[in-house]
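Engineer: with the input below, show me the fold.
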Amino acid sequence: MNLCKLYSAKNLQRGEIMGLTMNEKHAVTRETAKLYQKASKQQKTAILNNFVCITKYHRKYAIRVLSQWGKMYVITNADGTTVKLIVGSKRTRKKRRGVCRYDQAFCDCLKKLWEYFDYMCGKRLSYLIRANIDELVQHEPFGISEHIKAKLLTVSPATIDRKLSAERAKLKHKTRYRGKTSAFLKHKIPIRVSYRFDERRPGFFEFDTVFHDGGNLHGDYCKTLTATDVDLGWTVLTALRNSAHRWVKEAAQELQKTLPYPLKGIDSDNGSEFINTQLYTWCLNQGIIFTRSRSYHKNDNCFVEQKNDYAVRRFVGYYRYDTDEEFDALQNVYAYLNLLINYFYPSQKIISKTRNGAKVTKQYEPCRTPFDRLIDSPFIAQEAKQKAQELRNKLSLIAVKQNLEDALQKLFKIHMSRRKLA
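Structural biologist: The predicted structure is shown next:
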């Protein structure tokens, strides 16, 4: 008549059985209900006391559960159908059969777009697609029908990432190589750790170089000068013949001439290609603020460091380029790549970063291209905006992308032919 079969009497008296799971409570109820329904009134009181002590149920609820356990009820629905319910029996759940909204044709089209536009994340790719959907539909290799077009305009960035997760997992990161740099004139060039509020405006650029040494630092080889605006994200890539000081200065002069808005400041690392008399004197004469980062603090140049992979390595790779033909081909690649990443490829800009213990929460603004930020900036003259808008109207996303692919093929072809001869 007691529950010694399930739990010891000693534990029941002390009330030590706490926190049973729902399955355990059901098991206790199933065994107790058999005894309770056949017991007398006095026996039911003892059984009920033990049962409440074990399950922590309310006494009235426990009485109802033990009395009705195992009984069958017939329920009539509104449509006239009847359903038989047995108290305590496990409810059989119907397997959910979701409707596949994005079929294989859509996934294949999305994969083509993702591969063609250099493996963007979902947020940036969705912005690119929606901003250029009319031009993409006209490009037959993508195979964008009206049905797929409607889905591309409504698909969320998270869904894009999910559909492409298997393909993204196949990509492997290659080993990166680093070169050694020297320091000069450090005591004359001030250190910049962060940008003040009044300097978070168009015209302040971070400079960095990417070595195309292929893992062999001996001899001369090409480099890429990456210049990134800290406010707009406007990025200009320039090929350098070698580590001579003059090339960075000449690249800075060319940037000043071709930039749609004034160049106000340069912030670099401590490499000898930057910390030298030529660039330092030129900045002084032009009234351009010249600062440098702390040694071994890579995050001081965070705006440009992230572009070294996104805008350089992902396109031209880690090969060694050290001939005149490769240098010319590299310059040709950057002529089209600069247009693509500034006028068409969107980027995300961080708004705030808060820390709560070990968790860091970052908030980003919606995806926009550097060109969009340039047009919306109140610190850029209307004449410069109009000039940039005229150039944008002349450009075609597919044409620029195709020219870039041809330039890359030419660069790799020159490189591979040189390796075969070697």
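
Engineer: wait, what's in contact with the residue nearest in space to the middle of the chain?
Structural biologist: Central residue of the chain (Cα atoms, centre = their mean): residue 121, 5.3 Å from the mean position. Residue 121 makes contact with 157, 161, according to Cβ atoms under 8 Å, 6 or more residues apart in numbering. Quick note: C-beta positions are derived from backbone N, CA and C, even for glycine.

Engineer: quick one, phi psi at it?
Structural biologist: Per-residue torsions, residue 121: phi -70, psi 170 (degrees, to the nearest 10).

Engineer: and what of the one 5 residues further on?
Structural biologist: When read as degrees, to the nearest 10, the backbone of residue 126 gives phi -60, psi -40.

Engineer: run a quick neighbour tally on it.
Structural biologist: 23 (other Cβ atoms under 10 Å).

Engineer: leaving out chain neighbours, which residue sits closest to it?
Structural biologist: Distances taken as Cβ to Cβ, 6 or more residues apart in numbering place residue 157 nearest to residue 126, at 4.8 Å, with adjacent residues excluded.

Engineer: pretty sure the one you found sits against residue 122.
Structural biologist: Yes - taking contacts as Cβ atoms under 8 Å, residue 157 lies within contact range of residue 122: 3.6 Å.

Engineer: so which of the two has more stuff around it?
Structural biologist: Neighbour count, other Cβ under 10 Å: between residue 157 and residue 122, residue 122 has more, with 21 against 15.

Engineer: for the more buried one, which residues are in contact?
Structural biologist: Contacts for residue 122 (Cβ under 8 Å, 6+ apart) come out as 156-161, 164.

Engineer: repeat that for 7 Å
Structural biologist: Residues in contact with residue 122 (Cβ atoms under 7 Å, 6 or more residues apart in numbering) are 157-158, 160-161.

Engineer: could you look up the SS state of residue 153?
Structural biologist: At residue 153 the chain is in helix, as set by DSSP: H, G, I helix; E, B strand; the rest coil.

Engineer: touching, it and residue 133? I think so.
Structural biologist: Yes - proximity of residue 153 to residue 133 meets the contact threshold set by Cβ atoms under 7 Å, at 6.4 Å.

Engineer: before we move on, the earlier item: local confidence estimate at the residue nearest to the centre of the chain?
Structural biologist: pLDDT, residue 121: 90.

Engineer: how much space between it and residue 281?
Structural biologist: From residue 121 across to residue 281, the span is 42 Å (Cβ to Cβ, to the nearest Å).

Engineer: go on, residue 58?
Structural biologist: Residue 58 sits 86 Å away from residue 281, going by Cβ to Cβ.

Engineer: neighbour count: those two, which is higher?
Structural biologist: Ranked by neighbour count (other Cβ under 10 Å), residue 58 and residue 281 place residue 281 first, with 13 against 10.

Engineer: show me what contacts the more buried one?
Structural biologist: Listed by Cβ under 7 Å, 6+ apart, residue 281 has no contact partners.

Engineer: ok, now which ones touch the nearest residue to residue 222 once chain neighbours are set aside?
Structural biologist: The shortest distance from residue 222 to any non-neighbouring residue, by Cβ to Cβ, 6+ apart, is to residue 321 (4.3 Å). Listed by Cβ under 7 Å, 6+ apart, the contact partners of residue 321 are 212, 221-222, 327, 330, 415.

Engineer: buried residues in the helix or strand harbouring residue 148?
Structural biologist: Secondary structure from DSSP states H and E places residue 148 in helix 146-154. Neighbour counts over helix 146-154 (16 or more other Cβ atoms under 10 Å) mark 148-149, 151-152 as buried.

Engineer: beyond that helix, next helix or strand please.
Structural biologist: With elements assigned by DSSP H and E, the helix or strand that comes after helix 146-154 is helix 157-163.

Engineer: returning to that earlier point: mind listing residues that contact the helix holding residue 148?
Structural biologist: Helix 146-154 is contacted from outside by 102, 105-106, 109, 129-130, 133, 137, 144, using Cβ under 7 Å, 6+ apart.

Engineer: so which of the residues you listed are in helices?
Structural biologist: The members of the contacts of helix 146-154 that map onto helices under DSSP state H are 105-106, 109, 129-130, 133, 137.

Engineer: so the residue nearest to residue 126 sits right up against residue 124, yeah?
Structural biologist: No - at 8.3 Å, residue 157 does not count as touching residue 124 under the criterion of Cβ under 7 Å.
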